[in-house]
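Novice: okay, here's the prediction I keep looking at, along with the sequence it came from:
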Amino acid sequence: MRRTRPCAALLSTAAGGRSNSDHLMDWMTGPPQKLDVASAKFETLALAFDDSDAASGVLHMKLNRPKVVNAMNMQMWVELGRAFELVELDPSVKVVVISGEGRGFTSGMDLDVFASMQKVATQESCDGRKRERLMRVIDKFQQVISAPEKCRVPVIAAVHGVCIGAGVDFVTACDLCYADVSSVFSVKEVDLAIIADVGTLQRLPKIVGEQQAKELAFTGRNFGGLEAEKLGLVLKTLPDPEELMRHVGDVAKTIAKKSPLTVRGIKQTIHYQRDHSTADSLQQIRYHNAAVLYSDDLVQAIGALMSKTEPKFRDD
């Protein structure tokens with residue numbers, strides 16, 4: 001009786017199944033899936049590639065409930081999470097730009113969510129289980145807010161009009177934030193007798209400083225784009241929404257032309273240093289660059305510099 005060679009057994013698969021190699025490749029690179037914005041069905045988001053060209057690498061993700069100033073209902077929370085999952089599956093997406101349709105970025109959490117949460121909670125008679133389930137809900141909200149931070153590509157927020165409550169949570173998790181002079185921000189949760197619990201109190205102090213974050217969270221006061229720029233929450237304030245989107249588009253296109261491998265490494269390294277010492281961070285980048293420095297992208301970049309041409313980087 002002939003024995004199956006170990007290597008052949010390793011690559012074998014059950015009838016009708018996928019091989020070990022196929023599954024390993026999915027784990028290594030993710031199952032390739034182009035993001036078809038035409039077939040991506042969302043009720044509360046609008047997705048489009050820059051200039052309607054997927055080759056641009058710039059995906060625009062627009063909050064799209066303009067009649068209620070993009071108040072974040074449960075459908076929007078679910079769809080935001082799903083949209084970022086789709087971004088992870090498409091290596092051609094190199095930058096994500098988040099903005100709001102209509103009069104503003106977002107008026108924050110849809111107040112009906114709180115009422116619905118109370119209603120659903122009353123269906124459970126056990127206080128322990130009720131509180132455990134509430135923790136799961138908060139965890140889901142936190143995961144959605146953290147999606148831009150965890151996203152493999154840079155996420156840029158473009159804020160016009162109001163950016164209230166959960167909107168501030170969201171932009172603090174983005175890599176870059178720009179606004180126009182019409183923008184109004186507020187850490188509004190205190191006025192609802194709620195402690196902001198999905199990201200602002202964890203990220204805002206690292207951006208604007210602890211004392212300033214406390215003042216904004218204690219008072220819930222409004223502050224405009226120019227003040228947000230002065231505080232460091234906003235990188236730059238533009239004169240109007242059109243100029244805002246033009247500027248953000250230029251920044252996004254510039255980033256999209258860079259080596260994806262390098263941009264990912266920059267994002268990972270900067271995030272790592274926030275919670276680690278300088279010595280630990282230097283060690284991290286030593287290991288990182290030792291692993292990825294000699295890439296095809298390095299050859300492309302040096303060749304392009306020498307020939308004064310545009311480098312051609314892989315999407316992944």
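Specialist: It's in.
Novice: nearest residue to the middle of the chain?
Specialist: Against the mean C-alpha coordinate of the chain, by CA atoms, centre = their mean, the closest residue is residue 148 at 1.4 Å.
Novice: show me the helices in the stretch 1-150 of the chain, by range?
Specialist: Applying DSSP state H, counting those that start in this stretch to the stretch 1-150 of the chain gives helices spanning 6-11, 20-29, 74-89, 111-121, 127-150.
Novice: rounded mean pLDDT for the shortest one, please.
Specialist: What that stands for is helix 6-11. For helix 6-11, mean pLDDT rounds to 44.
Novice: so which strand or helix has residue 285?
Specialist: helix 278-292 (DSSP states H and E).
Novice: pretty sure residue 50 sits against residue 58.
Specialist: Yes: with contact defined as CB atoms under 8 Å, residue 50 reaches residue 58; the gap is 3.7 Å. Every residue, glycine included, has its C-beta placed from N, CA and C.
Novice: higher neighbour count, these two?
Specialist: Between residue 50 and residue 58, counting by other CB atoms under 10 Å, residue 58 is the more crowded of the two (25 against 18).
Novice: so that one versus residue 293, what's the distance?
Specialist: Distance, residue 58 to residue 293, by CB to CB, to the nearest Å: 27 Å.
Novice: test my guess that residue 310 contacts residue 257.
Specialist: Yes: here residue 310 reaches residue 257: they are 7.2 Å apart, a contact under CB under 8 Å.
Novice: of the two, who's got more company?
Specialist: Shown here are residue 310 and residue 257; by other CB under 10 Å, residue 257 has more neighbours (13 against 9).
Novice: contact partners for that one?
Specialist: Taking CB atoms under 8 Å, 6 or more residues apart in numbering, we find residue 257 in contact with 310, 311.
Novice: hey, where'd the strands end up in the stretch 101-250 of the chain?
Specialist: Counting by DSSP state E, counting those that start in this stretch, the stretch 101-250 of the chain has strands at residues 155-159, 162-164, 176-180, 184-186, 223-224, 236-238.
Novice: nearest to residue 125, out of the ones you listed?
Specialist: For the strands of the stretch 101-250 of the chain, the distance to residue 125 is smallest for strand 162-164, at 34.9 Å, taking CB to CB.
Novice: now do that closest one: which elements does it pack against?
Specialist: Counting by 3 or more CB pairs under 8 Å, 6 or more residues apart in numbering; DSSP states H and E, the packing neighbours recorded for strand 162-164 are strand 184-186.
Novice: any idea how far the strand it packs on is from the chain center?
Specialist: Centroid separation between strand 184-186 and its chain, computed with CA atoms, centre = their mean, to the nearest Å, is 20 Å.
Novice: so in that sheet, which strands flank it, and in what orientation?
Specialist: The pairing partners recorded for strand 184-186 under DSSP bridges are strand 162-164 (parallel), strand 223-224 (antiparallel).
Novice: could I get the ones you listed as CSV with mean neighbour count?
Specialist: Formatted as CSV, those follow (neighbours: other CB atoms under 10 Å):
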stretch, mean neighbour count
strand 162-164, 26
strand 223-224, 18
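Novice: for stretch 166-183, which positions count as buried?
Specialist: Using 16 or more other CB atoms under 10 Å as the test for burial, stretch 166-183 gives 166-183.
Novice: can you tell me the average pLDDT over it?
Specialist: Mean predicted confidence for stretch 166-183 is 98.
Novice: what do you get for stretch 82-96?
Specialist: On average, stretch 82-96 scores 92.
Novice: again, but for stretch 199-212
Specialist: Per-residue scores along stretch 199-212 average to 97.
Novice: list of residues touching that stretch?
Specialist: With CB under 8 Å, 6+ apart as the test, stretch 199-212 has contacts from 142, 145-146, 168-170, 172-173, 187, 189, 195, 213-214, 216-217, 231-233, 274.
Novice: C-alpha coordinates for that stretch, CSV please?
Specialist: What follows is stretch 199-212, C-alpha atoms only, in CSV (Å, rounded to 0.1, in the frame of the first residue of the first chain):
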residue,chain,number,x,y,z
GLY,A,199,-13.5,56.9,23.4
THR,A,200,-13.4,60.7,23.9
LEU,A,201,-12.2,60.5,27.5
GLN,A,202,-9.5,58.0,26.6
ARG,A,203,-8.2,59.8,23.4
LEU,A,204,-8.9,63.5,23.8
PRO,A,205,-6.6,64.1,26.8
LYS,A,206,-3.7,62.6,24.7
ILE,A,207,-4.6,65.1,21.9
VAL,A,208,-5.3,68.3,23.7
GLY,A,209,-3.9,67.7,27.1
GLU,A,210,-5.6,66.4,30.3
GLN,A,211,-6.6,69.8,31.8
GLN,A,212,-8.2,71.0,28.5
